[in-house]
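Q: below are the sequence and a predicted model for it; my questions follow.
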Amino acid sequence: MIVFGIILLVPIAVYVYQFGFGIWSSHDEWAKMGSALGGLYTPMLSVLTLYMIYRQLRLQAVIHVDQMDWQKLQTSRQHGVYLCEKLRENINDPQTREKFLYTLEETGIEQKISKVAYLDYVGRDETSMLTHQLITLLRKLRHSETGREIRFHLKGLALASMGSELLNAYETNMCRWHDIEYEGVSNELCVFTDQSDLNRIAKYKT
């Protein structure tokens, strides 16, 4: 605002310096001053108006992006809570729990199966599919501050729903069959596993 004020005062200062300033009795003198200042201020105000419109549009775009990001994070939170609730139900049901434990055993890191076979086992087990979705969601939430807060909350819900042992076992198998071939896989990507788990499966990398 200070800069804009200085810019707007410059034409008046130049006119006063060059021609002086007074309360003239002649219409002709007033007309000359009005014409001179009008010729200067019209393009200046046009440029300043266009600049203000540009700044307003930029601000609206930034606010829109922030709102979209916030909505996506809230949707992720709701989806994560839903996944945790479904996993709690499945783990508490003896049949689905038994099937999940069977999938964990058959897709263990030392099993001699292919990646296609791993995906087939996981695809036939609802609990495994839900766990995969939850881990993938939590991995994506590590990039922003708000996302990390949501991730911390959902991770706590997941641990309360399934327990650390089952979650660690599943993500270890997931790293073995799904992530191990990707460059840059580290414990920063993982949610329920740590570097010791990655070191344990590193020997299986081709």
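A: Received the coordinates, thanks. Bear in mind the structure is a predicted one, so any value in this text is a computation, not a measurement.

Q: now the one helix or strand residue 201 maps to - C-alpha only, CSV.
A: Counting by DSSP states H and E, the element that carries residue 201 is helix 195-201. Taking C-alpha atoms only, helix 195-201 is exported to CSV below (Å, rounded to 0.1, in the frame of the first residue of the first chain):
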residue,chain,number,x,y,z
GLN,A,195,14.8,-51.4,9.1
SER,A,196,15.4,-54.7,10.7
ASP,A,197,12.5,-56.2,8.8
LEU,A,198,13.8,-54.7,5.6
ASN,A,199,17.2,-56.1,6.3
ARG,A,200,15.7,-59.5,6.9
ILE,A,201,14.0,-59.6,3.4
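
Q: only the buried residues of it, if you could.
A: Across helix 195-201, burial judged by 16 or more other C-beta atoms under 10 Å covers 197-198, 201. Glycine gets a C-beta too; all of them are placed from N, C-alpha and C.

Q: need those residues in CSV (columns: pLDDT and distance to residue 116).
A: Listed next are those as CSV, based on pLDDT from 0 to 100; distance: C-beta to C-beta, whole Å:
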residue, pLDDT, distance to residue 116
197, 89, 23
198, 87, 23
201, 86, 18
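
Q: nearest to residue 123 among the residues you listed?
A: Comparing the buried residues of helix 195-201 against residue 123 with C-beta to C-beta picks out residue 201 as the nearest, at 21.2 Å.

Q: state the distance from the closest one to residue 108.
A: Distance, residue 201 to residue 108, using C-beta to C-beta, to the nearest Å: 10 Å.

Q: now residue 150
A: 31 Å.

Q: where does the protein have its least confident helix or strand?
A: Using mean pLDDT, DSSP states H and E, helix 2-19 stands out as the lowest-scoring helix or strand of the chain, at a mean of 72.

Q: relative to the whole chain's centre, how far out is the biggest helix by length in the chain?
A: Ordering each helix of the chain by length in residues (DSSP state H) puts helix 27-92 first. With C-alpha atoms, centre = their mean, to the nearest Å as the basis, helix 27-92 stands 19 Å off its chain's centre.

Q: what about the chain, any weak spots by pLDDT?
A: Applying pLDDT under 70 to the chain picks out residues 15, 17-27, 29-30, 181-184, 206.

Q: and the longest helix of the chain, what does it pack onto?
A: Judged by 3 or more C-beta pairs under 8 Å, 6 or more residues apart in numbering; DSSP states H and E, helix 27-92 is in contact with helix 2-19, helix 94-106, helix 126-140, helix 145-162.

Q: what's the most buried one of the ones you listed?
A: helix 126-140 (a mean of 20; mean count of other C-beta atoms under 10 Å).

Q: now that helix against helix 145-162, angle please.
A: Counting by axes from the mean of the first three to the mean of the last three C-alpha atoms, to 10 degrees, helix 126-140 lies at 160 degrees to helix 145-162.

Q: now helix 126-140 and helix 27-92, what's the angle there?
A: Counting by the same axes, to 10 degrees, helix 126-140 points 150 degrees away from the direction of helix 27-92.

Q: on that earlier part again, out of the helices and strands packed on helix 27-92, flag the one nearest residue 85.
A: Closest to residue 85 of the helices and strands packed on helix 27-92 is helix 145-162 (C-beta to C-beta; 7.4 Å).
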